[in-house]
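Visitor: generate a structure from the sequence data that follows.
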Amino acid sequence: MSPSGFLPARPLRLLTLLLILWLPLGGILAAPLAPSFSAATSAFLQKNVNADGNVNYAVIKKQPAELNTLLQTVRSLDTKNMSAAERKAFYLNAYNLVVIGAVVERLPLTSVMKVPGFFDKLAFTIAGEKMTLNELETNKLRKPYSDARIHFALVCAAKGCPRLSREAYSAATLDAQLTAQTKRVLTDPSFIRVTTGVRKCWFRKYSNGTPTILKRPVRPSLLT
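Guide: The predicted model follows:
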């Protein structure tokens with residue numbers, strides 16, 4: 001440093017050059033945030049979801065820090081610069097985490113169906129936008145992607161729903177994950193019932209674009 005306290009001209013030019021080079025690099029370094037979110041979500045699910053897809057809500061209630069961190073990311077993550085696959089994976093993971101968080105917040109709870117407006121009235125902040133679970137499913141997943149496999153990737157905290165995967169969805173493997181999850185659900189005897197040659201399952205029906213819950217032929221059981 002010069003006696004005057006200012007940087008000499010050559011180091012100053014070098015610093016300016018480094019700053020110019022750093023600006024685009026900063027954008028590159030910010031890009032792995034979505035994969036990191038998927039990895040953190042996978043770690044959380046593997047700790048708190050068993051092989052049967054049951055969530056240990058009581059343990060999460062006692063130790064909520066990991067879930068709270070993930071939900072903060074769900075609320076604040078900017079999806080504008082994401083690819084279509086990254087955005088799709090993010091919203092799938094966000095839906096399932098928000099459901100878990102909503103249940104944990106309301107423990108003790110026997111059924112989400114006893115919470116008025118659980119799917120169509122309660123509003124959550126997802127990537128900076130307020131929306132219900134139904135709006136998240138319809139406007140961020142079902143309409144943009146027209147992918148029937150999405151139905152089997154979303155869980156609604158009831159035994160009649162598809163079993164929750166212990167692996168978060170990731171853009172790099174999303175297509176294979178959705179296909180595998182769909183096959184698991186469609187071969188799951190707790191979800192699919194065959195009666196007199198007719199295959200039945202508990203599913204969501206869409207009426208005028210609004211999803212509603214059908215309780216038959218398989219009725220959602222109590223939460224565990």
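Visitor: where do the helices of the protein begin and end?
Guide: Assigned by DSSP state H, the chain shows helices spanning 9-30, 33-48, 57-62, 65-76, 84-105, 133-135, 143-145, 150-153, 174-186.
Visitor: right, and the ones you listed - which one's nearest Phe119?
Guide: helix 133-135 (4.7 Å; C-beta to C-beta). C-beta: built from backbone N, CA, C; applies to glycine.
Visitor: how about residues contacting that closest one?
Guide: Judged by C-beta atoms under 8 Å, 6 or more residues apart in numbering, the contacts made with helix 133-135 from elsewhere in the structure are 95, 98-99, 118-120, 122, 124, 156, 210-211.
Visitor: what of stretch 46-56?
Guide: Residues from elsewhere that reach stretch 46-56, judged by C-beta under 8 Å, 6+ apart: 59-60, 66, 100, 103, 155, 157, 162-167, 224.
Visitor: report the two of those separated the most.
Guide: Checking the contacts of stretch 46-56 with C-beta to C-beta, the most distant pair is Glu66 and Pro162, at 23.2 Å.
Visitor: now do the closest residue to Leu107 other than its chain neighbours against Arg106, distance only.
Guide: Using C-beta to C-beta, 6 or more residues apart in numbering and skipping residues adjacent in sequence, the residue nearest Leu107 is Lys61, 5.3 Å away. Here Lys61 is placed at a distance of 10 Å from Arg106 (C-beta to C-beta, to the nearest Å).
Visitor: flag the shaky bits of this structure, pLDDT-wise.
Guide: Judged against pLDDT under 70, the low-scoring parts of the chain cover residues 1-35, 160, 191-224.
Visitor: now with 50, please.
Guide: 2-7, 15-32, 196-224 (pLDDT under 50).
Visitor: ok, Val185 touching Arg163?
Guide: Yes - in this structure, Val185 sits in contact with Arg163. The criterion is C-beta atoms under 8 Å, and the distance is 7.2 Å.
Visitor: show me what contacts Ala89?
Guide: Contacts of Ala89 (C-beta under 8 Å, 6+ apart): 34, 38, 168-171, 174.
Visitor: same check on Ala43?
Guide: Here Ala43 is in contact with Glu66 (criterion: C-beta under 8 Å, 6+ apart).
Visitor: from start to finish, how long is stretch 111-119 in a straight line?
Guide: Stretch 111-119 stretches 12 Å from its first residue to its last (C-alpha to C-alpha, to the nearest Å).
Visitor: list the buried residues of that stretch.
Guide: Of all the residues in stretch 111-119, those buried under the rule 16 or more other C-beta atoms under 10 Å are 112, 118-119.
Visitor: pretty sure Ile60 is touching Ile100, no?
Guide: Yes - when contacts are counted by C-beta under 8 Å, Ile60 is listed as touching Ile100 (7.0 Å).
Visitor: count the neighbours of Leu67 for me.
Guide: For Leu67, the tally of surrounding residues (other C-beta atoms under 10 Å) stands at 18.
Visitor: which ones are touching it?
Guide: Neighbour list for Leu67: 44, 60, 97, 100-101, 104 [criterion: C-beta under 8 Å, 6+ apart].
Visitor: as JSON lines, those residues with neighbour count and distance to Asn134 would be great.
Guide: Below are the contacts of Leu67 laid out as JSON lines (neighbours: other C-beta atoms under 10 Å; distance: C-beta to C-beta, whole Å):
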{"residue": "Phe44", "neighbour count": "20", "distance to Asn134": "24"}
{"residue": "Ile60", "neighbour count": "21", "distance to Asn134": "24"}
{"residue": "Leu97", "neighbour count": "22", "distance to Asn134": "16"}
{"residue": "Ile100", "neighbour count": "23", "distance to Asn134": "17"}
{"residue": "Gly101", "neighbour count": "18", "distance to Asn134": "17"}
{"residue": "Val104", "neighbour count": "21", "distance to Asn134": "20"}
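Visitor: that's all I had, so thanks and see you.
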